[in-house]
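1. Provide a 3D model corresponding to the input given below.
(one chain, ligands or ions: 1)
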Amino acid sequence: METDYPHKLAKKESKGVKMYDWWQIPIVAPSGKERIGYPTQKPEALLQRIIECASNEGDTVLDPFVGGGTTVAVAERLRRGWIGIDQSVMAIKVTEMRLKKPQRDLLDSPFIVQLHKYDYDTLRYQDAFEFETWIVQQFGGVPNSKQRGDFGIDGKTKDGVPIQVKRSDNIGRNVIDNLKSASERFDKTLFEANKAAGKSIGIIIAFSFGKGAIQEVARLKNHDGVIIELVTVENVVPIAKKPKLILTCNDLGLNAKKLREIEFIAVGESESGIEFYAWDFNHEVENGFKADVMIDKTGKQTHAFKAGSYKVAVKVVDNEGIESVEVITLTALTSDEIKK
Ligand SMILES: C[S@@+](CC[C@H](N)C(=O)[O-])C[C@H]1O[C@@H](n2cnc3c(N)ncnc32)[C@H](O)[C@@H]1O
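-> Numbers count the residues shown, from 1 in each chain. Just a heads-up that it's a prediction; the model follows:
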């Protein structure tokens, strides 16, 4: 087994000397690069040893007490599938941020975060295929594994009834008519059987439905004996409001290293209460939020900047795991530049 444990005993291991204590791995240093601030954080080398002992590439690793996400971050790096569970919102959100931050050798494979509640924006701007798959599963159905084809059907109920997902609001009449013909072509026998039994021949899940769609569903039922079920996303998963967030900053002047120190103050507000804040001091919108500080309970930070322009982003997470992000742009000047 090839490993790179930092402990000197481990070096002898490759020469055939047994370790005195198999688990002898140093703790994560308080100011070490690996430290993310989660109180019970374990060293990656420890989890690497356990995962390599107990699984092969492609296997799935489960940590039902995922905490700061060390197990799943290491499992990802070692090309394992993984599932992480935790009762704590902070654990789930910190693990998510950790996996989204670029790390050495960390693959960028997609993953899904499952919470108790969701906000509209997060769902609406998710990748379309990911959203369709996820919402069909939340509804108790089986998602279509193909991204295209199958007459635009995104999944089926356990009884085979076609489900179509629309990631938009105010769905119109044409969507209803299209589903009726798609359902008929998808499985004619099932369509006829459901129609004869007075059961739904198809289900549409969307953020909301327009008057035209509702009237068309009624018309099809009354005139053709065809039942189409309209389901809003909110009927499937609970939706919560995003927390309010205000970000302000104060210039504290130059520090001893001639870097400009800025104090940031974030104030979040949510009915469920604020869990924590996280900070990205060199935010690049196209790369998303990459946390420099992952766990801040106070909402106050001081950061020193070299001369230049920066976007600073703060994220607030409430007690239900719903988050908001605020970004400010600032230009840091050194004293020399001010003289010029
Ligand atoms: C010691 S930490 C986890 C450390 C993590 N496995 C690692 O390797 O770094 C324990 C975690 O278990 C979570 N926990 C405790 N009781 C739980 C429960 N009944 N269900 C889910 N998570 C729970 C806590 O919130 C905490 O994050």
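2. how many neighbours does residue 169 have?
-> Neighbour count for residue 169, taken as other CB atoms under 10 Å: 14. No exception for glycine: its C-beta is placed from N, CA and C like everyone else's.
3. try residue 223
-> Quick note: residue 223 (other CB under 10 Å) scores 8 neighbours.
4. and what about it, helix, strand or coil?
-> When classified by DSSP: H, G, I helix; E, B strand; the rest coil, residue 223 comes out as helix.
5. next: residue 115.
-> State at residue 115, reduced to three classes by three-state DSSP: coil.
6. go ahead and confirm it touches residue 88.
-> No - contact criterion CB atoms under 8 Å: residue 115 and residue 88 do not qualify, at 11.7 Å.
7. these two: which has the busier surroundings?
-> residue 115 (17 against 14).
8. show me what contacts the more buried one?
-> Contacts for residue 115 were tallied using CB atoms under 8 Å, 6 or more residues apart in numbering; they are 89, 92, 320, 321, 322.
9. did I read that right, the second one in a strand?
-> No - according to three-state DSSP, residue 92 belongs to no strand; its state is helix.
10. could you measure from it over to the ligand?
-> Relative to the ligand, residue 92 is positioned 9 Å away (CB to the nearest ligand atom, to the nearest Å).
11. oh, and call the first residue 20 from now on, that's how I've got it
-> From this message on, residue numbering opens at 20, which makes the last subject residue 111.
12. and that residue, what is it in contact with?
-> Residue 111 touches 85, 103, 105, 132, 134, 340, counting by CB under 8 Å, 6+ apart.
13. hmm, try it at 7 Å
-> 105, 132, 134, 340 (CB atoms under 7 Å, 6 or more residues apart in numbering).
14. please flag which of the contacts of residue 134 sit within helices.
-> Taking DSSP state H, the ones among the contacts of residue 134 that sit in helices are 108, 111.
15. write out the residues of the stretch 70-219 of the chain neighbouring the ligand.
-> Residues of the stretch 70-219 of the chain lying near the ligand by CB under 6 Å from any ligand atom: 82, 84, 85, 86, 87, 89, 90, 104, 105, 106, 107, 110.
16. let me know whether the last one touches residue 89 as I believe.
-> No - because the distance of 11.0 Å does not satisfy CB atoms under 7 Å, residue 110 is recorded as not touching residue 89.
17. who has more neighbours out of those two?
-> Ranked by neighbour count (other CB under 10 Å), residue 110 and residue 89 place residue 89 first, with 25 against 19.
18. looking at the contacts of residue 111, which is nearest residue 54?
-> Using CB to CB, residue 105 is the member of the contacts of residue 111 that lies nearest residue 54, at 18.8 Å.
19. any idea how far the closest one lies from residue 310?
-> Applying CB to CB, to the nearest Å, the value for residue 105 to residue 310 is 18 Å.
20. ditto for residue 75
-> Here the criterion is CB to CB. By it, residue 75 lies 31 Å from residue 310.
21. ok, residue 221 next?
-> The gap separating residue 221 from residue 310 is 43 Å, by CB to CB.
22. pretty sure residue 182 contacts residue 161?
-> No - here residue 182 does not reach residue 161: they are 8.8 Å apart, not a contact under CB under 7 Å.
23. mutual contacts of the two, please.
-> Each of 174, 175 lies in contact with both residue 182 and residue 161 under the rule CB under 7 Å, 6+ apart.
24. who has more neighbours, the two?
-> Between residue 182 and residue 161, residue 182 has the larger neighbour count (other CB under 10 Å), namely 27 against 15.
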